[in-house]
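1. prediction below, plus the sequence it came from.
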Amino acid sequence: SRKPHPSAREVWHQYQSVWTTDKDAENGVVEVYNEYDFRDIENYRLEWTITADGVKKLSGAVEELNIPPHMRQYVELGYTKSDIAALEGEVILTVRYILKSNEALLGSGHCAAYNQIVLREYNAAEQFEKCKSAVSGSLTVDRDNRVVRGADFEVKFSGKGALDSYKLAGKELISKPLMPLFYRAMTENDYGVRKNGTNSVYYHSWKTFRNIEWYMDLFMMEQKADKVEVVSRYTYGEIGMAVTVAYTIDAEGRVAIKESMTPGRAKLDIRAMLRYGVELAMPDSFCNIEFYGAGGTESYADRKSGTPIGVYQQSVSDQFCMTYSRPQESGAHCDLRYWTITDGTGCGFKVVSNILFSATAIPYPMEQIDVLSESYRKYPQLLEGDGNTYINIDMAQSGLVCRNSWGAIPMEQYRIPYQAHEFEFMLIPVGR
């Protein structure tokens, strides 16, 4: 296969030789730096676009770039501050450098470099509050069977307190229950940490969360006006960690979920987790994703500079990276503003949060891609779908540590420390 490894996008971006920074970008002025040693950039055309919440609103081009090697120049793009003020939501300027004519192995139209400048930040908390706005409607509660029903939906919880079923207009959206998850299928770098002396404590910390035993010690279901509140609380016995998952279901069928974790008092040297979030599965007919975040290819906390922020439509079948030497964690997208998964009719869930979050949808269960599993498949070609789309929705995942092939741990800012965390997100039914 000639398909590039996902990290190739990161390398390409970091090794590019033309850079754009903010001089007065709100007024249409940027600084262009020619990092080449021996050539100018006259054969490049600067193309720019401005998006509002991922939708293209303004665009233009600068045809002449007469900037010598190792020199900087201010460039006016041609829009004004009032143009930006007229836009709503998050506003991002994207600048790309396109070859005007063929050069050696690269053809005209090739994008040789890009940068993005955020002109107005995305306010995730504000958008999330809008999604939580009150709606009128009736709900019925069957406490004996742990079921909540609305006009065209039914939500059911299992005996373990998990969101076990969601039927929208009679169609089942969940095939495996939603549960907290603090572990990922180990990457090559995760696995390599086990043999690196003092860093091996991180490997053992991560491994602690792999098959940790837990029990439910509280389940409550209470109806309040036009919503139903459900609380499931779990204790993870080996380390005494307490996890509470609180659900709020409204008359529109929206399910707001808050996952809270408090570390236990067990005297174990636990440093960090590989992820903090939840897992669930949907039938494999739910095979289309759309998201607004870092995309193009998979993205992680410490490997995302080569994945521009934008709106992307992709297939679940394309999410898992088949070019890794062996199966491992793959397919995540981070810095998400929203993430939607649907079937061919447009039915499914839209996920939003009060923070920028991460999500994954792949056609393979974790036991097939985790090197510590007895069911691990050694080669990507041996992976088999089982009729489900496996989904993770995360506050964060640990970094990939791409600066070292084996043994290094993520930089501190890319770790998920073992401490109290809270993650709030919402499942919004779509495609009624």
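-> Perfect, I can see it now. None of the values given here were measured: they were computed from a predicted structure. Numbering: from 1, shown residues only.
2. next, the buried residues of stretch 80-88.
-> Within stretch 80-88, the residues that count as buried by 16 or more other C-beta atoms under 10 Å are 83, 84, 87. (Each C-beta comes from the backbone N, C-alpha and C, glycine too.)
3. now stretch 19-28
-> Those would be 19, 20, 23, 25, 26, 28, for stretch 19-28 by 16+ other C-beta under 10 Å.
4. ok, now stretch 370-381?
-> Quick answer for stretch 370-381 (16+ other C-beta under 10 Å): 370, 373, 376, 377, 380.
5. burial count for the closest residue to residue 147 other than its chain neighbours?
-> Excluding the flanking residues, the one nearest residue 147 by C-beta to C-beta, 6 or more residues apart in numbering is residue 156, at 4.9 Å. Residues lying near residue 156 (other C-beta atoms under 10 Å) number 18.
6. which of the three states applies to residue 156?
-> strand (DSSP: H, G, I helix; E, B strand; the rest coil).
7. now it: how far from residue 145?
-> 7 Å (C-beta to C-beta, to the nearest Å).
8. just confirm residue 222 is within a strand.
-> Yes: assessed with three-state DSSP, residue 222 lies in a strand.
9. tell me the contacts of it?
-> For residue 222, the contacting residues are 228, 229, 230, by C-beta atoms under 8 Å, 6 or more residues apart in numbering.
10. separation between the second one and residue 66?
-> Distance from residue 229 to residue 66, counting by C-beta to C-beta: 64 Å.
11. those two: which is more packed in?
-> Counting neighbours by other C-beta under 10 Å for residue 229 and for residue 66 shows that residue 229 has the greater number, 14 against 10.
12. thought residue 248 was touching that one, still the case?
-> Yes: counting by C-beta atoms under 8 Å, residue 229 touches residue 248, with 5.4 Å between them.
13. the strands in the stretch 1-150 of the chain, which residues?
-> 18-24, 29-34, 44-52, 55-62, 72-76, 91-99, 111-120, 140-142, 147-149 (DSSP state E, counting those that start in this stretch).
14. can you redo those strands as CSV with distance to residue 126?
-> Shown next, in CSV, are the strands of the stretch 1-150 of the chain (distance: least, C-beta to C-beta, whole Å):
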stretch, distance to residue 126
strand 18-24, 24
strand 29-34, 28
strand 44-52, 15
strand 55-62, 18
strand 72-76, 32
strand 91-99, 15
strand 111-120, 12
strand 140-142, 31
strand 147-149, 28
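15. nearest to residue 345, of these?
-> Of all the strands of the stretch 1-150 of the chain, strand 147-149 sits nearest to residue 345, with 21.9 Å by C-beta to C-beta.
16. what lines up beside the closest one in the sheet?
-> Partners of strand 147-149 in the sheet, by DSSP bridges, are strand 140-142 (antiparallel), strand 153-157 (antiparallel).
17. please identify the deepest-packed of those strands.
-> strand 153-157 (a mean of 21; mean count of other C-beta atoms under 10 Å).
18. other residues contacting that one?
-> 145-149, 163-169, 219, 221, 230, 232, 249, 253, 255, 429.
19. residue 344 contacts residue 286, doesn't it?
-> No: counting by C-beta under 8 Å, residue 344 stays clear of residue 286, with 9.2 Å between them.
20. what bridges to the most centrally placed residue in the chain?
-> The centre of the chain sits closest to residue 358, judged by C-alpha atoms, centre = their mean, with a distance of 2.3 Å. For residue 358, the beta-bridge partners are residue 394 (DSSP bridges).
21. distance of it from residue 62?
-> Distance from residue 358 to residue 62, by C-beta to C-beta: 35 Å.
22. and if you look at residue 141?
-> In terms of C-beta to C-beta, residue 141 sits 61 Å off from residue 62.
23. helices and strands around the helix or strand hosting residue 428, which ones?
-> Per DSSP states H and E: residue 428 is located in strand 421-430. Helices and strands touching strand 421-430, by 3 or more C-beta pairs under 8 Å, 6 or more residues apart in numbering; DSSP states H and E, are helix 124-131, strand 163-168, strand 255-262, strand 275-283, strand 348-362, strand 388-397.
24. okay, and for this protein, where does confidence drop off?
-> 1, 404-405 (pLDDT under 70).
25. in CSV: the strands paired with strand 147-149, plus distance to residue 79.
-> Below are the strands paired with strand 147-149 laid out as CSV (distance: least, C-beta to C-beta, whole Å):
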stretch, distance to residue 79
strand 140-142, 53
strand 153-157, 45
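26. of those, which is nearest residue 193?
-> strand 153-157 (37.1 Å).
27. span of stretch 250-268 from start to end?
-> 41 Å (C-alpha to C-alpha, to the nearest Å).
28. and it, how far out from the chain's middle?
-> 19 Å (C-alpha atoms, centre = their mean, to the nearest Å).
29. next one: stretch 352-365
-> On C-alpha atoms, centre = their mean, the centre of stretch 352-365 falls 5 Å from that of its chain.
30. separation between residue 44 and residue 184?
-> 40 Å.
31. can you flag which of the buried residues of stretch 80-88 belong to helices?
-> Under the assignment DSSP state H, the buried residues of stretch 80-88 contribute 83, 84 to helices.
32. mind putting the buried residues of stretch 80-88 in a markdown table, distance to residue 294 included?
-> Shown next, in a markdown table, are those (distance: C-beta to C-beta, whole Å):
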| residue | distance to residue 294 |
| --- | --- |
| 83 | 26 |
| 84 | 22 |
| 87 | 21 |
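33. closest one of the buried residues of stretch 80-88 to residue 210?
-> residue 87 (46.0 Å).
34. contact partners for the residue nearest to the closest one when sequence neighbours are not counted?
-> The shortest distance from residue 87 to any non-neighbouring residue, by C-beta to C-beta, 6+ apart, is to residue 52 (4.3 Å). Taking C-beta under 8 Å, 6+ apart, we find residue 52 in contact with 87, 88, 89, 90, 91.
35. residue 237 contacts residue 213, correct?
-> Yes: at 5.1 Å, residue 237 and residue 213 qualify as touching, with contact defined as C-beta under 8 Å.
36. between these two, who's got more neighbours?
-> residue 237 (13 against 8).
37. torsion angles phi and psi at residue 315?
-> Backbone geometry at residue 315, expressed as degrees, to the nearest 10, gives phi -110, psi 150.
38. hang on, isn't it packed against residue 288?
-> Yes: using C-beta under 8 Å, residue 315 is in contact with residue 288, at 6.3 Å.
39. so which of these two has more stuff around it?
-> residue 288 (19 against 11).
40. just to revisit the earlier point, out of the helices and strands packed on strand 421-430, nearest to residue 412?
-> strand 388-397 (13.4 Å).
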